[in-house]
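Trainee: one predicted model, sequence on top.
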Amino acid sequence: MITVLGAGSIGCYVGGMLAAAGHPVTLIGRPALVEALGGGLTTSAMDGVAHRSQPIVTDDPSALADATLILLCVKSADTRDSGTLIKTYSPPGALVVSLQNGITNPKLLGDRLGPDRVVPGMVGFNVIRRAQDHFAQTTEGEVILAKNGATLRDHLSDTPITALCHDNMEGVQWSKLLMNLNNALNALSGLGLRDQLQTRAWRQVLAACIKEGLAVARAEGIALERIGKVHPRILPIVLRLPDFIFQRFANAMLRVDPTARSSMADDYAAGRAPEVAWLNGHIVARGAVHGVLTPVNQRVCALVERAFDTSDRRPLSYNPQEIFIN
């Protein structure tokens, strides 16, 4: 049984595609998810083809007892508690694949469950919830797994999801982290991902965030990996290009569904806490360790925390120039 713990957009999409391919899948999520998916689940890839499935859906973590492979898709703040649930309920031989943002989750899980049980993973595409029972991939990308994730890679070969195993998952995860520095900016902008990336002023802010992240990665001794069309080392240059050149050079980056937003933008709209401490905040924290200045990422963290620290979550519409104000 493939069991998804923390079945949000990514978990429902990956789990739904596996179920549609004939694999037994259980989704463990919030009670509202159980109600929403009572009649089944639809997932659609970039080609728009819909795949219908009927996975088991529950809010009971004891369903982990039947798991042979666990896909962990919770927010980083919930990793520690999820590790406890997995240790309590799952069979000791069940592999745990971390399909989460950030860098620190696999080690945290390994400390709790034993490193041999944990598979670091990276999801390189965005998923949105089009309807209560419909999850759609809205950007190009693939799932990249550590070498011990071959079982999931093979299962995903039955689906429209491209998956591969990689020797340097640390480099892969850091490269994804640099790209994920846009999650917070997209939330602050109030724009769709495509509109935001078509705005040079927002791209310049992202370039500044990534430039700081690259300096921290060098200080950490990370060998970054290319996970998209452009290596992260040249992303700041590409992002700063004038709009008409960027749109020609970075066509793949703009191949985004008009309704797509970052997961942090979705968290803001849903009244949830942000994951910024594990993204831009990780750059700030590791920069402090190495004496690398990260003022733009610090500013982003402060603005996100201020914006999310209210129950009255009106639509956000920050000006990109506000990010550079100290």
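Mentor: It's in. Numbering: from 1, shown residues only.
Trainee: count the neighbours of the residue nearest to residue 94 when sequence neighbours are not counted for me.
Mentor: Nearest non-adjacent residue to residue 94, counting by C-beta to C-beta, 6 or more residues apart in numbering: residue 67, 4.7 Å away. Any C-beta I mention is one placed from the backbone N, CA and C, and that applies to glycine too. Per other C-beta atoms under 10 Å, the neighbour tally for residue 67 reads 23.
Trainee: tell me how far residue 67 lies from residue 23.
Mentor: 12 Å (C-beta to C-beta, to the nearest Å).
Trainee: now residue 274
Mentor: Relative to residue 23, and taking C-beta to C-beta, residue 274 is found at 33 Å.
Trainee: neighbour-wise, which of those two wins?
Mentor: residue 274 (25 against 18).
Trainee: identify the residues contacting the residue nearest to residue 94.
Mentor: For residue 67, the contact set (C-beta atoms under 8 Å, 6 or more residues apart in numbering) comprises 1-3, 26, 90-91, 94.
Trainee: ok, of those residues, which come out buried?
Mentor: In the contacts of residue 67, burial by neighbour count holds for 1-3, 26, 90, 94, counting by 16 or more other C-beta atoms under 10 Å.
Trainee: now, which of those residues sits nearest residue 63?
Mentor: Comparing the buried ones among the contacts of residue 67 against residue 63 with C-beta to C-beta picks out residue 26 as the nearest, at 5.2 Å.
Trainee: mind listing what the closest one touches?
Mentor: Taking C-beta under 8 Å, 6+ apart, we find residue 26 in contact with 1-4, 55-58, 63, 66-67.
Trainee: looks to me like residue 219 is in a helix.
Mentor: Yes - counting by DSSP: H, G, I helix; E, B strand; the rest coil, residue 219 is found in a helix.
Trainee: hmm, it is touching residue 293, no?
Mentor: No - using C-beta atoms under 8 Å, residue 219 is not in contact with residue 293; the gap is 11.2 Å.
Trainee: residues in contact with the helix or strand bottoming out on mean pLDDT in the chain?
Mentor: The helix or strand of the chain with the poorest confidence is helix 243-249; it has a mean of 84 (mean pLDDT, DSSP states H and E). Helix 243-249 is contacted by residues 198, 200, 203, 238-239, 241, 254 when judged by C-beta under 8 Å, 6+ apart.
Trainee: can I get the CA coordinates of that helix in CSV?
Mentor: Extracted in CSV, the C-alpha atoms of helix 243-249 (Å, rounded to 0.1, in the frame of the first residue of the first chain):
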residue,chain,number,x,y,z
ASP,A,243,11.0,41.6,-20.5
PHE,A,244,11.2,41.1,-24.3
ILE,A,245,14.5,39.1,-24.1
PHE,A,246,13.4,37.1,-21.0
GLN,A,247,10.2,36.0,-22.7
ARG,A,248,12.2,34.6,-25.6
PHE,A,249,15.1,33.1,-23.6
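Trainee: hmm, back to that, intersection of neighbour lists for residue 67 and residue 23?
Mentor: With C-beta under 8 Å, 6+ apart as the test, residue 67 and residue 23 both reach residue 2.
Trainee: what's the mean pLDDT across the helix or strand containing residue 185?
Mentor: According to DSSP states H and E, residue 185 maps onto helix 182-189. Mean pLDDT, computed over helix 182-189, is 96.
Trainee: re earlier: for PyMOL, write the select line for the buried members of the contacts of helix 243-249.
Mentor: Those of the contacts of helix 243-249 that count as buried under 16+ other C-beta under 10 Å are selected in PyMOL with:
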select buried, resi 198+200+203+238+239+241
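Trainee: need the contacts of helix 243-249 in a markdown table with distance to residue 158, can you?
Mentor: Listed next are the contacts of helix 243-249 as a markdown table, based on distance: C-beta to C-beta, whole Å:
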| residue | distance to residue 158 |
| --- | --- |
| 198 | 36 |
| 200 | 41 |
| 203 | 37 |
| 238 | 35 |
| 239 | 36 |
| 241 | 39 |
| 254 | 30 |
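Trainee: identify, from the contacts of helix 243-249, the entry nearest to residue 10.
Mentor: The closest of the contacts of helix 243-249 to residue 10 turns out to be residue 254 (C-beta to C-beta; 21.8 Å).
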